[in-house]
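Quick one, fold the following:
(one chain, ligands or ions: 1)
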Amino acid sequence: MLAAAGFAKGGLIRCNERRDSRARLGDAGLKPAAFDYRAPRTLDEALQLVDANREAKLLAGGQSLVPVLNFRLASPPLLVDLNRIASLAGISRHADGGLVIGAMTRNRAIEKSELVRRANPLLHAAMPYIAHPQIRNRGTIGGSLAHADPAAELPAVCIACDAELSIARKGATRAVRARDFFRGFFTTALEPNDILVSIRFPAWPAGRRHGFVELSRRHGDFAIVGVAATVEDRQARIVVFGAEDVPRLFEETLTPETPKDVRARCAPRADHHASAEYRSELIEVLTRRALQQAAGA
Ligand SMILES: Cc1cc2nc3c(=O)[nH]c(=O)nc-3n(C[C@H](O)[C@H](O)[C@H](O)COP(=O)(O)OP(=O)(O)OC[C@H]3O[C@@H](n4cnc5c(N)ncnc54)[C@H](O)[C@@H]3O)c2cc1C
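The predicted structure follows:
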């Protein structure tokens, strides 16, 4: 699709040739502003491209990025397509019994994975809540985490599981805990020359239980509020998402008052989906339900 819209120039594809942002859609033929397009086959090549072009954007499943480009909310001069880098996709067991999931692994592959179902029941439970099957067929775990929508399911699950994100830039790799990765509204610890490579979920201890609940207007919509929780004995990790600018982690010793306490410490936002008061009520109700789910009630 992209290639058909442009022309090859030494491996570079030029899309929507008129760069002039005043170009009328009819003249240019495509919705996004003009951009160059590269599809490297190795991570090293991709890292070099983003290192040399700090304004470049990475293309994963395109489910969030393409609408942003089409609405011209972003006009990057270069798109670096990660889809041909085979090493970025896949699900495997870590030596510690946990999981390692490549950033370019499609959400549908995670949802359907028997290994994920056995090794991380919370991740397995959350997957069907992400959008619709058609979007999960293309959308990737890395794209979802990098996009950092405050109402997205995967950031909350990664924080609840204390997952660790492996991030590469030219000549260096670093690990960032999920709880430290989300910095603000659609903002993460990623720098322009970084590529999220994989996500490591620590082993799931025997006896750990989980709960996952969310409320959205229709199935497949982003959550108005959601809660992901893990419980071991009376210790809980409760992550509230959709309420504030970033998913919020509460590490609690459970008491009957826990749902009320969590509610009291959140400062939910208001938007066209729900008032702050409504979200506040939801936080308490959904926290209670997630904990009841975890208790098998
Ligand atoms: C109708 C609709 C409903 C949706 N509902 C939900 C929902 O309920 N819950 C939900 O969680 N999501 C939802 N989504 C979003 C969907 O899950 C997207 O797939 C996801 O947010 C982005 O993943 P992607 O692979 O498509 O990334 P892209 O759109 O390709 O990229 C998103 C952003 O991440 C960056 N990026 C991608 N990969 C990397 C990487 N490896 N390293 C660094 N940066 C990277 C890109 O540069 C871009 O800025 C919905 C989308 C649509 C269109």
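
Quick one: neighbours of the closest residue to residue 240 other than its chain neighbours, just the number.
With CB to CB, 6 or more residues apart in numbering as the measure, residue 248 is the residue that lies nearest to residue 240, at 5.0 Å, once sequence neighbours are left out. In short, each C-beta sits where N, CA and C put it, glycine included. A count of nearby residues for residue 248, using other CB atoms under 10 Å, gives 22.

Residue 37 now?
Using other CB under 10 Å, residue 37 is surrounded by 20 other residues.

what about it, helix or strand, and which?
strand 35-38 (DSSP states H and E).

Paired strands for that strand, with orientation please.
Listed by DSSP bridges, the sheet partners of strand 35-38 and their directions read strand 12-15 (antiparallel), strand 78-81 (parallel).

Establish whether the very next helix or strand once past that strand and the ligand are in contact.
Beyond strand 35-38 in the direction of the C-terminus, DSSP H and E gives the next helix or strand as helix 43-52. No - applying CB under 6 Å from any ligand atom, one finds helix 43-52 separated from the ligand by no less than 8.7 Å.

in helix 43-52, what's buried?
Residues 43, 46, 47, 48, 49, 50 are the ones in helix 43-52 that count as buried (16 or more other CB atoms under 10 Å).

and it, how far out from the chain's middle?
A distance of 22 Å separates the centroid of the chain from that of helix 43-52, by CA atoms, centre = their mean, to the nearest Å.

which stretch in the strands paired with strand 35-38 has the least confidence?
Mean pLDDT per stretch puts strand 12-15 lowest among the strands paired with strand 35-38, at a mean of 68.

In three-state terms, label residue 117 for me.
Here residue 117 takes the helix state, with states given by DSSP: H, G, I helix; E, B strand; the rest coil.

Need the nearest residue in space to it, chain neighbours excluded.
Nearest one to residue 117, counting by CB to CB, 6+ apart, is residue 124 at 4.5 Å.

count of residues packed around the one you found?
Neighbour count of residue 124, defined by other CB under 10 Å: 21.

and if you look at residue 111?
Tallying neighbours of residue 111 according to other CB under 10 Å, which is how burial is gauged here, yields 19.

for the top helix by length along the chain, packing partners?
Secondary structure assigned by DSSP state H gives helix 276-294 as the longest helix of the chain. Contacts defined by 3 or more CB pairs under 8 Å, 6 or more residues apart in numbering; DSSP states H and E place helix 276-294 against strand 209-215, strand 225-232, strand 235-241, helix 258-265.

how much space between the residue nearest to residue 117 and residue 263?
Look at residue 124 and residue 263: by CB to CB, to the nearest Å, they are 27 Å apart.
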